[in-house]
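Visitor: Need the 3D shape of this:
(one chain, ligands or ions: 1)
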Amino acid sequence: MRRTAKILIIDDDKSICDSCTQVYAKDGYSVDIAGDGLTGLQKVKELKPDLALIDLKMPGMSGMEVLEEIRKIDPEIVLIVITGYATIDSAVEVMKKGAYDFLPKPFTPDELRIITKRALEKRNSLIEVHRLQKMREGFISMVSHQLRTPLVAVQEYFEVILGGMAGEVTKEQRQMLERSKIRIDELLMLIKDWLNLSKIDSNRIVDKLEPVELIPILTEALNLVKTLAKQKNINLKMDVPMDLPMVLGDRETLKQAFLNLLDNGIEYGKDGGSLTINVKEENENIVVDISDNGVGIKVEELPFIFEQFYQTKDQKTKRTGGTGLGLSIVKKIIDAHYGTIKVISEPGKGSTFTVFLPRVKNKEVKK
Ligand code: ADP
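Guide: Below you'll find the model as predicted:
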């Protein structure tokens, strides 16, 4: 059963306190009152209410100050402000300071009931979001410590044994140990990709978006795959226009997305083939094509390749050590940039992954 919600009324007007208490008590809430801001803050600490109803205009500490202090004590308490002068300005101001809503005086019991019910629903969903967030963080840290750390230790023992530092190793033993080492490498790669995916917090990317130049990001990503391309004798090319508007982006995550696409272009590319980046401006977007002439993807598999852990069925074209997480990481990053990603591909001919990122209009560029 859900516990009774606790409400604190902070108002110097005794008649308001009494009438709100009556309404709340009738609806089964547990209510407490404070006649001024300081007492209110004290009670917030002691009672830990779910909701506080605060009068904006009080002698001594103002409602606005009380609101700011409560936010510092517990950001999850939902706050409703009672305001005598329901001007847009004061309403906007209180919402900016973190109030859930405001209630202009005079108000009816039903108006109080409706706003309170909605605010408490908001509080419940906030608590649920925080609970899930904490669980997620706990799980991520469990994976990185309890799973990754022992595997790294095992890996180090393998290296010591294979290096002959723990005595002689027969040919058969060496083969088995080498195979085991590859399996552990794959498992570590899976954990690394999974952690990467989990750490990509779309909200955090959105918060960090700023006008960025795309070409240096693409160049950096390209430099990082040069060695891999050389091993397969793949020719890297980049074709960019002279004058390219900026995009709203987060440099690091964008680089990671393009790096994953380039890495795939080489992994699934043809020995001695080519990998080309083509950048252009089209309508409101900057469009980046990454094309290889490698194994390609069957049309029936295309709808699934951005899903987590999806790897194509074809054993011949499957990459050893792949995790099936690379493209889902790319998609999550591009989505957080309000962009889109598409792919066209033909088995045996190659694939083109196209990323569309909204360009920054000139007036949006901060000088
Ligand atoms: P993986 O770790 O398996 O590469 P991804 O999520 O990066 O995982 O890719 C998912 C699947 O999509 C891959 O297993 C592969 O079959 C296919 N794929 C991705 N990029 C390409 C490409 N450039 N050419 C052909 N197939 C590709």
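Visitor: List the contacts of stretch 201-213.
Guide: 244, 246-251, 253-254, 332-333, 335-337, 360, 364-366 (C-beta atoms under 8 Å, 6 or more residues apart in numbering). All C-beta atoms are positioned from the backbone trio N, CA, C, and that covers glycine.
Visitor: let me redo that: stretch 55-64
Guide: Contact with stretch 55-64 is made by 10-13, 16, 36-38, 41, 54, 66, 81-84, 90, 93-94, 97, 102, as judged by C-beta under 8 Å, 6+ apart.
Visitor: Ignoring the adjacent residues along the chain, who's closest to Arg71?
Guide: Gly98 (4.8 Å; C-beta to C-beta, 6 or more residues apart in numbering).
Visitor: nope, Asp36 is what I was after
Guide: Using C-beta to C-beta, 6+ apart, the closest residue to Asp36 is Gly60 (5.4 Å).
Visitor: which SS class is that neighbour?
Guide: What DSSP: H, G, I helix; E, B strand; the rest coil gives for Gly60 is coil.
Visitor: how close does it sit to Gly35?
Guide: Remark: distance between Gly60 and Gly35 (C-beta to C-beta, to the nearest Å) = 10 Å.
Visitor: Return the residues in contact with Ile217.
Guide: Contact analysis of Ile217 by C-beta under 8 Å, 6+ apart lists Gly249, Arg251, Leu254, Lys255, Phe258.
Visitor: Show me which residues of stretch 217-236 are buried.
Guide: Of the residues in stretch 217-236, those buried by neighbour count under the rule 16 or more other C-beta atoms under 10 Å are Ile217, Leu218, Ala221, Leu222, Val225, Leu228, Ala229, Ile234, Leu236.
Visitor: picking that back up, mind checking which of the contacts of stretch 55-64 are in strands?
Guide: In this view, those that belong to strands under DSSP state E are Ile10, Ile54, Val81, Ile82, Thr83, Phe102.
Visitor: between these, which is nearest Leu47?
Guide: For the ones in strands among the contacts of stretch 55-64, the closest approach to Leu47 (C-beta to C-beta) belongs to Ile10, at 11.6 Å.
Visitor: Report pLDDT for the closest residue to the closest one other than its chain neighbours.
Guide: Spatial nearest neighbour of Ile10, chain neighbours left out: Gly40 (3.5 Å); criterion: C-beta to C-beta, 6+ apart. Per-residue pLDDT puts Gly40 at 95.
Visitor: just to revisit the earlier point, from the buried residues of stretch 217-236, which land in helices?
Guide: Applying DSSP state H to the buried residues of stretch 217-236, the entries found in helices are Ile217, Leu218, Ala221, Leu222, Leu228, Ala229.
Visitor: near the ligand at all, stretch 265-281?
Guide: Yes - Stretch 265-281 reaches the ligand (C-beta under 6 Å from any ligand atom) through Gly265, Tyr268.
Visitor: now could you export just the CA positions of that stretch as PDB?
Guide: The C-alpha coordinates for stretch 265-281 follow below in PDB (Å, rounded to 0.1, in the frame of the first residue of the first chain):
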ATOM      1  CA  GLY A 265      34.000   0.200 -42.900                       C
ATOM      2  CA  ILE A 266      37.500  -1.300 -42.600                       C
ATOM      3  CA  GLU A 267      36.500  -4.500 -40.700                       C
ATOM      4  CA  TYR A 268      33.800  -5.300 -43.300                       C
ATOM      5  CA  GLY A 269      35.700  -3.600 -46.200                       C
ATOM      6  CA  LYS A 270      37.600  -5.400 -49.000                       C
ATOM      7  CA  ASP A 271      41.300  -6.100 -48.700                       C
ATOM      8  CA  GLY A 272      42.900  -3.500 -51.000                       C
ATOM      9  CA  GLY A 273      39.600  -1.700 -51.300                       C
ATOM     10  CA  SER A 274      38.600   1.900 -50.300                       C
ATOM     11  CA  LEU A 275      36.800   3.700 -47.600                       C
ATOM     12  CA  THR A 276      35.500   7.200 -48.400                       C
ATOM     13  CA  ILE A 277      34.000  10.000 -46.300                       C
ATOM     14  CA  ASN A 278      32.000  12.400 -48.300                       C
ATOM     15  CA  VAL A 279      30.600  15.600 -46.600                       C
ATOM     16  CA  LYS A 280      28.000  17.900 -48.100                       C
ATOM     17  CA  GLU A 281      25.400  20.500 -47.000                       C
END
